[in-house]
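A.B. asks: Turn this into a structure:
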Amino acid sequence: MTSSAAPRISCEVTEMRADKARIFNIQRYSLNDGQGIRTVVFFKGCPHRCPWCANPESLSPKIETVRRESKCLRCVRCRQDANECPSGAWEHIGRDITLEQLERDVLKDEIFFRASGGGVTLSGGEVLMQAEFATRFLQRLRQLGIRTAIETAGDTAFSRLLPLAQACDEVLFDLKIMDDERAREVLNINQPRVLNNFERLLKEGIRVTPRLPLIPGFTLTDENVAQILTFLAPLPVTEVHLLPFHQYGEPKYHQLDKVWQMAGIPAPTEQEIAPLREKVEHAGYRVVMGG
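C.D. replies: Coordinates of the predicted model:
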């Protein structure tokens, strides 16, 4: 299945003001998404349409409203207004935040960063859609000695990606469908540009960690993994993250009245993943499961 009917947006055309961002979540005490204890800021908006996306609330750059059935009081007259709902059953997904506000918010966790070697990771959505804000924000954190990282698919002009990557201690870089045509059709991703950006970041001396989503029917194939390993072979990369598919995002699709394209597809078993993990390890890489 593809999502070719979805509106096509680009990392180059959805930039907000440089002093304000649109986010939809701040997740504290994360043990993934980089080293140590992390605070992960999820930016709203994504130009890609991965059928397996676990964060459907991240796709639209607009602030959305959802209704949570479990909180509903069955008011006699429901105004469907998140600002007036007495139980919080109706709520907004997404909010605008300034540099100063976001800095104050994440620095509440500074003691955990210092103690664990962790820091702040920017995720999404796709953080490149708000690259100017993200770059300024990470530069401020680095001035304070906070370790920084981003999670990205890397599909944008290099001139846009490089300043943001230079403000990071690590770029967690997704490598998904390697076939150019299928990546464009299914994901709305310019795969040649993605691979070129990956190589250029490494040449700039930036620490780039490839992440491989293992998705049945899309990326979890011997051919796709072999293509990734062939691409990585000449590059100065020592660690690879494997991200097995899961069904955790399905309830959010129902809340947003969106179609979950991966319905009924089971998560890969350890037995299915093991041969691919062995291939990656045999190629000389340290494997981290789950990122």
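A.B. asks: Could you list the buried residues of stretch 261-281?
C.D. replies: Across stretch 261-281, burial judged by 16 or more other Cβ atoms under 10 Å covers 262, 265, 268, 273, 276, 277, 279, 280. Every residue, glycine included, has its C-beta placed from N, CA and C.
A.B. asks: Can you give me the end-to-end span of stretch 203-213?
C.D. replies: The straight-line separation of the ends of stretch 203-213 (Cα to Cα, to the nearest Å) is 24 Å.
A.B. asks: for that stretch, what is the average pLDDT?
C.D. replies: Average pLDDT, stretch 203-213: 97.
A.B. asks: Buried ones in that stretch, by neighbour count?
C.D. replies: By 16+ other Cβ under 10 Å, the buried positions in stretch 203-213 come out as 206, 207, 208, 209, 210, 211, 212, 213.
A.B. asks: And the helices in this structure, which stretches?
C.D. replies: Taking DSSP state H, the helices of the chain run over residues 99-106, 110-116, 131-143, 158-166, 180-182, 191-203, 222-232, 250-255, 270-282.
A.B. asks: and those helices, which is most packed in?
C.D. replies: Of the helices of the chain, the one with the most neighbours on average (mean count of other Cβ atoms under 10 Å) is helix 131-143, at a mean of 20.
A.B. asks: what separates that one from the chain centre, distance-wise?
C.D. replies: Distance of helix 131-143 from the chain centroid (Cα atoms, centre = their mean, to the nearest Å) equals 17 Å.
A.B. asks: same for it, what does it pack against?
C.D. replies: Here helix 131-143 touches strand 20-30, helix 99-106, strand 119-123, strand 147-152, helix 158-166, going by 3 or more Cβ pairs under 8 Å, 6 or more residues apart in numbering; DSSP states H and E.
A.B. asks: about what we covered before: mind putting the helices of the chain into TSV with distance to residue 125?
C.D. replies: Below are these laid out as TSV (distance: least, Cβ to Cβ, whole Å):
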stretch	distance to residue 125
helix 99-106	15
helix 110-116	23
helix 131-143	11
helix 158-166	14
helix 180-182	22
helix 191-203	17
helix 222-232	23
helix 250-255	13
helix 270-282	26
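A.B. asks: For residue 87, report the pLDDT, please.
C.D. replies: Residue 87 carries a pLDDT value of 67.
A.B. asks: shift numbering so it begins at 38
C.D. replies: All right, first residue 38 from here; so that's residue 124.
A.B. asks: Flag the shaky bits of the stretch 188-328 of the chain, pLDDT-wise.
C.D. replies: 328 (pLDDT under 70).
A.B. asks: what's the closest of the helices and strands packed on helix 168-180 to residue 322?
C.D. replies: Smallest distance to residue 322 across those (Cβ to Cβ): 18.9 Å, for strand 184-189.
A.B. asks: Walk me through which strands that closest one pairs with, and which way each runs.
C.D. replies: Applying DSSP bridges, strand 184-189 is found paired with strand 156-160 (parallel), strand 207-211 (parallel).
A.B. asks: right, and residue 279 touches residue 314 too?
C.D. replies: Yes: using Cβ atoms under 8 Å, residue 279 is in contact with residue 314, at 6.3 Å.
A.B. asks: Now the common contact residues for these two.
C.D. replies: Counting by Cβ atoms under 8 Å, 6 or more residues apart in numbering, the shared contacts of residue 279 and residue 314 are 324, 326.
A.B. asks: hang on, residue 184 packs against residue 73?
C.D. replies: Yes: with contact defined as Cβ under 8 Å, residue 184 reaches residue 73; the gap is 7.5 Å.
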